[in-house]
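**Q** Got a sequence here, can you build the structure:
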Amino acid sequence: MIKQLEVEVGGQRIDAYIASELPDISRSYVAVLLSDGKITCEGVNKLKASYKVQPGDKITIDIPAPVETDTKPQDIPLDIVYEDDDLIIINKPQGMVVHPACGHHEDTLVNALLHHCKGNLSDINGVIRPGIVHRIDKDTSGIMIAVKNNETHQALADMLAKHEIVRQYRCIVHGIVSPDKGTIDAPIGRSSTDRRKMTVREEGKESVTHFTVVQRYKEATDLSLLLETGRTHQIRAHMSYIGHPPVGDPIYSGRRPTYGLEGQALHSKSISFIHPRTGERLEFEVDLPEYYKEVLNKLTPIDPGR
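**A** Purely as a prediction, here's the structure:
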């Protein structure tokens, strides 16, 4: 489907302009279309999202037709924290893949959601990941949101893009982190030497992580982290960048001790946001999972008074 726009008032970023003119398209999806060369301005494609539109600009948007998914519903138990007609908050276990991908076509969170919600999930932007507005890694546990309709999907996607959804994590990292609090403000992009990794690089996307020490151990540190942005592998890449990769991380921690883990000790502990339909502030928090507590029990605490 082709949509065409002519700019009357300039000065706005092109991603924000298109999202405001076409309310059925989220700003995050506009970024995808820009990256794929599906948006042209005066015949020029591969525009940056930061391009400021000018009066008289003629913009063409080529929106791909929705792609049907052949993902099958599966009766997989879900740890549901909250649910209403618009969205569902899930406490995802470590080891569960969020959506089908190469090598993981069944037993994913999406398979479980399709069964639980009886197919009543958003399909905005033709995405083959129904209901998924954001994701956490397979071996990261904890809270995440899924959505049941396109209006909620668009609203939450825009809130994520504007950093209006507050997400707090817990992570056990190797080594003793100092100071007690800090901020890592370093752009993240795909590693040029290992495609599995994200790494800090000058041409990467803006990425900001705030951390607070919960407890120091002789071997490791338990951290509370607040995400200001939400890049792929953000916590894992940022902690690795400062020399304290997550315990158990198969990609970022090398041959360091795993303490029996098969994935990183990283848990999405809480989330807070304004409900897009009701306007009510929702806040949810889940307990630390057993795997996380077991690692802490294997560590030797440092007495803060010493």
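
**Q** the helices in the chain, which residues?
**A** Assigned by DSSP state H, the chain shows helices spanning 14-21, 27-35, 109-116, 150-161, 234-241, 290-298.

**Q** tell me which residues in stretch 5-15 are buried?
**A** L5, V7, Q12, R13, I14, D15 (16 or more other C-beta atoms under 10 Å). Bear in mind the C-beta positions are built from the backbone N, C-alpha and C, glycine included.

**Q** what does stretch 53-68 give?
**A** V53, D57, I59, I61, I63.

**Q** Just the ones of the residues you listed in strands?
**A** Applying DSSP state E to the buried residues of stretch 53-68, the entries found in strands are I59, I61.

**Q** Distance to G260 and pLDDT added to the buried residues of stretch 53-68, as JSON lines?
**A** As requested, these are arranged in JSON lines below (distance: C-beta to C-beta, whole Å; pLDDT from 0 to 100):
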{"residue": "V53", "distance to G260": "54", "pLDDT": "89"}
{"residue": "D57", "distance to G260": "57", "pLDDT": "88"}
{"residue": "I59", "distance to G260": "54", "pLDDT": "89"}
{"residue": "I61", "distance to G260": "50", "pLDDT": "88"}
{"residue": "I63", "distance to G260": "48", "pLDDT": "79"}
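
**Q** Export the buried residues of stretch 53-68 to TSV and append columns for distance to A155.
**A** Below are the buried residues of stretch 53-68 laid out as TSV (distance: C-beta to C-beta, whole Å):
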residue	distance to A155
V53	23
D57	27
I59	23
I61	20
I63	19
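
**Q** Nearest residue to P77 in space, please, no chain neighbours.
**A** Nearest residue to P77, sequence neighbours excluded (C-beta to C-beta, 6 or more residues apart in numbering): A112, at 7.7 Å.

**Q** what about that neighbour, how many neighbours?
**A** A112 sits with 20 neighbouring residues when counted by other C-beta atoms under 10 Å.

**Q** ok, it touching K72?
**A** No - taking contacts as C-beta atoms under 8 Å, A112 lies outside contact range of K72: 11.0 Å.

**Q** quick one on the thing from earlier: which one of the buried residues of stretch 53-68 is nearest S141?
**A** I63 (35.3 Å; C-beta to C-beta).

**Q** Let me see the contact set for the closest one.
**A** By C-beta atoms under 8 Å, 6 or more residues apart in numbering, the residues touching I63 are M1, I2, K3, I25, L33, K38, G126.

**Q** Drop anything exposed from these.
**A** So, by 16+ other C-beta under 10 Å, the buried ones in the contacts of I63 are I25, L33, K38.

**Q** which intervals of the stretch 1-150 of the chain have sub-threshold pLDDT?
**A** Applying pLDDT under 70 to the stretch 1-150 of the chain flags the ranges 23-24, 26, 65-70, 101-104, 124-128.

**Q** sorry, back to before: report the contact partners of the residue nearest to P77.
**A** Contacts of A112 (C-beta under 8 Å, 6+ apart): Q74, D75, I76, P77, L78.

**Q** Just give the number of residues close to the fourth one.
**A** This means P77. For P77, using other C-beta under 10 Å, the count is 8.
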